[in-house]
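Novice: Below: sequence and its predicted model.
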Amino acid sequence: MEMITSPNNDKVKMVTKLMKSAKERRNASLYAVEGIRMTQEIPEEYLDTLFFTQDFYDKSILNNDRLKKLVDRATVNGKCFLVSDSVIKHLCDTETPQGILALVKMKKNEIDDLFGDGSEPPLILIVERLQDPGNMGTIIRAAEGAGVTGILVSFDSVDIYSPKVIRSTMGSVFRKNIVISRDIIGDIEKLKEKGVSVFGMHLNGSTMYETDLTGPVAFLIGNEGAGLSEEVSRSADKLIKIPMKGEVESLNAAFSAGLISYEAMRQRSSKEFS
């Protein structure tokens, strides 16, 4: 196994570019994952390269069957590297790296992948112009918990493969089908043509409790400050809102996405057992 001790190593330079640039990630179809928890959740077929320190190997890999399996796979492919402590600090985005970093292949999803496996009606989130990495990561994580079948993200949103977004997903990014859209209106129309009812989250809408969400549905989630664009709002079949008391005018985008997704899950569970 090759040992890397210099930050000027070509492989280290490549990872550094991936960490800093969405364009580099797109061109390579790779993104970086740090830490033991996230790394051990990587699906084997999407693992590309592993970097770790000797100390991490001795303390955390030797007694972890899942990590050993990933190491074996990367070693067979010639993409497993020991690195010095100084190099792992150079590679990682966190201030106190745990000692392991992986490069992961991006999933190549299409619109049809947003519909799930067909065991239940599609439940899709459509995210437009979202800019905060923490919000995006939280939406992806909440989507998994609520049974969302897929997420459509406008190209002008924050990069879902940025290090901060990836950390916020806590591994859900590996398990959710996400499509990056360069034509959000066109893709919304494709969903509608396939029988999906599109609901826009809007203060002037009907309350979500009065809306049947048990069929094939998609929810439009807008920018943190500006909300949905007028064009995207007009693409909705219906506008709905989360009822609020007090003087609160709006909720955090990620919080709203989680609430409406869980309301859909609640309605479907109630219908299933009624």
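Specialist: Perfect, I can see it now. Just so you know, these numbers come straight off a predicted model, no measurement behind them.

Novice: partner strands of the lowest-mean-pLDDT helix or strand in the chain, parallel or antiparallel?
Specialist: In the chain, no helix or strand scores lower on mean pLDDT, DSSP states H and E than strand 197-207, which sits at a mean of 87. Sheet pairing of strand 197-207 (DSSP bridges) gives strand 217-221 (parallel), strand 238-241 (parallel).

Novice: What is the longest helix of this protein by residue count?
Specialist: helix 253-273 (DSSP state H).

Novice: Buried residues in the least confident helix or strand of the chain, which are they?
Specialist: Ser197, Val198, Phe199, Gly200, Met201, His202, Gly205 (16 or more other Cβ atoms under 10 Å). From N, CA and C alone the C-beta is placed, and that goes for glycine too.

Novice: beta partners for Gly150?
Specialist: Ile124.

Novice: show me where the stretch 1-150 of the chain has strands.
Specialist: According to DSSP state E, counting those that start in this stretch, the stretch 1-150 of the chain carries its strands in the segments 2-4, 30-34, 47-52, 80-83, 100-105, 123-127, 150-154.

Novice: among those, which is nearest Lys69?
Specialist: strand 47-52 (9.8 Å; Cβ to Cβ).

Novice: so what secondary structure elements neighbour the closest one?
Specialist: helix 10-20, helix 65-76, strand 80-83, helix 85-91, strand 100-105 (3 or more Cβ pairs under 8 Å, 6 or more residues apart in numbering; DSSP states H and E).

Novice: Convert the C-alpha atoms of the least confident helix or strand of the chain to CSV, please.
Specialist: Extracted C-alpha coordinates of strand 197-207, given in CSV (Å, rounded to 0.1, in the frame of the first residue of the first chain):
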residue,chain,number,x,y,z
SER,A,197,-49.6,16.4,-8.3
VAL,A,198,-47.2,19.4,-7.7
PHE,A,199,-47.8,21.5,-4.6
GLY,A,200,-46.1,24.8,-4.0
MET,A,201,-45.3,25.8,-0.4
HIS,A,202,-46.8,29.3,-0.2
LEU,A,203,-48.2,31.6,2.5
ASN,A,204,-51.3,32.1,0.3
GLY,A,205,-52.1,28.4,0.0
SER,A,206,-54.6,26.0,1.7
THR,A,207,-53.3,24.4,4.9
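
Novice: how far off strand 123-127 does that strand point, in degrees?
Specialist: Angle, strand 197-207 to strand 123-127, by axes from the mean of the first three to the mean of the last three Cα atoms, to 10 degrees: 80 degrees.

Novice: Give me the contacts around strand 197-207.
Specialist: Strand 197-207 has contacts (Cβ atoms under 8 Å, 6 or more residues apart in numbering) with 126, 188, 191-192, 211, 213, 215-222, 227-228, 232-233, 235-243, 249-250, 256, 260.

Novice: Can I get the buried ones among those as something I can paste into ChimeraX?
Specialist: Selection command for ChimeraX covering only the buried members of the contacts of strand 197-207, criterion 16+ other Cβ under 10 Å:
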select :126,188,191,192,211,213,216,217,218,219,220,221,222,227,228,232,233,235,236,239,240,241,242,250,256,260
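
Novice: how far does the longest helix of the chain sit from the chain's center?
Specialist: Centre-to-centre, helix 253-273 and its host chain are 19 Å apart (Cα atoms, centre = their mean, to the nearest Å).

Novice: what's the answer for stretch 32-41, then?
Specialist: On Cα atoms, centre = their mean, the centre of stretch 32-41 falls 14 Å from that of its chain.

Novice: Look at it and report the distance between its end residues.
Specialist: End-to-end distance for stretch 32-41: 13 Å, by Cα to Cα, to the nearest Å.

Novice: can you check stretch 169-183 too?
Specialist: Stretch 169-183: ends 25 Å apart by Cα to Cα.

Novice: Stretch 45-62 too?
Specialist: Note: stretch 45-62 ends 22 Å apart using Cα to Cα.

Novice: Buried residues in that stretch, which are they?
Specialist: Leu47, Asp48, Thr49, Leu50, Phe51, Phe52, Thr53, Phe56, Tyr57, Ser60, Ile61.
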